[in-house]
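Visitor: model the following, please.
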Amino acid sequence: GCVNAVFKNNNVLGPAYDYTYSNFTGIARNVLIDNSGTKYPVIQGNRQAAIRFMNVDNLVMKNVVTKPRFSNGRVFKQDIQLRPSSKNISLIGCKFYIADVGDMTWRKPAKPIQSVTFTNCTMNMMPHRTAGVNTIRLVNCLVNGKRVTKTL
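Guide: This is a model prediction of the structure:
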């Protein structure tokens, strides 16, 4: 957890053991990850997603590019996981393969995520939505080569 965390232009030069950016049990009030000034992608490791956030009040990711891991020609797993109990998450100008948004499928009832907005993002697949998500918005995103603006 944290009150305010700013990660700016981090040069990720190799895969992390688990996650490059993450939050789990403590509440992260305000988090900004801005990679506008770096050419290096956030590389997914052999075990987990490159980025996983839960228990975050306000998360903004700007111009974050991930490099997913492939196994036998298929993507290993989601490169971004956005989990509960979270309030407002914004991804702006990011490039990734697939985002998983919502609670883990085993939790009943699912814990909430209020709002996730993807703006000017490029992704290979539509975000994968599980239980607990109130609103997912795509604004001017490129999904599998097609321009998309819609609320899921």
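
Visitor: got the CA coordinates for the top strand by length along the chain in PDB?
Guide: Under DSSP state E, the strand in the chain containing the largest number of residues is strand 133-143. Provided in PDB are the C-alpha atoms of strand 133-143 (Å, rounded to 0.1, in the frame of the first residue of the first chain):
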ATOM      1  CA  VAL A 133     -16.600  -4.900 -12.400                       C
ATOM      2  CA  ASN A 134     -19.000  -2.000 -12.500                       C
ATOM      3  CA  THR A 135     -17.800  -0.200 -15.700                       C
ATOM      4  CA  ILE A 136     -15.200  -0.800 -18.400                       C
ATOM      5  CA  ARG A 137     -14.900   1.900 -21.000                       C
ATOM      6  CA  LEU A 138     -12.800   1.800 -24.200                       C
ATOM      7  CA  VAL A 139     -12.300   5.300 -25.700                       C
ATOM      8  CA  ASN A 140     -10.600   5.400 -29.200                       C
ATOM      9  CA  CYS A 141      -8.700   2.200 -28.600                       C
ATOM     10  CA  LEU A 142      -7.200  -0.100 -31.300                       C
ATOM     11  CA  VAL A 143      -8.300  -3.700 -30.500                       C
END
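
Visitor: contacts only, for the spatially most central residue of the chain.
Guide: Ranked by distance to the mean C-alpha position of the chain (CA atoms, centre = their mean), the top residue is residue 80 at 3.7 Å. For residue 80, the contacting residues are 49, 50, 51, 52, 66, 91, 96, 98, 99, 100, by CB atoms under 8 Å, 6 or more residues apart in numbering. Bear in mind the C-beta positions are built from the backbone N, C-alpha and C, glycine included.
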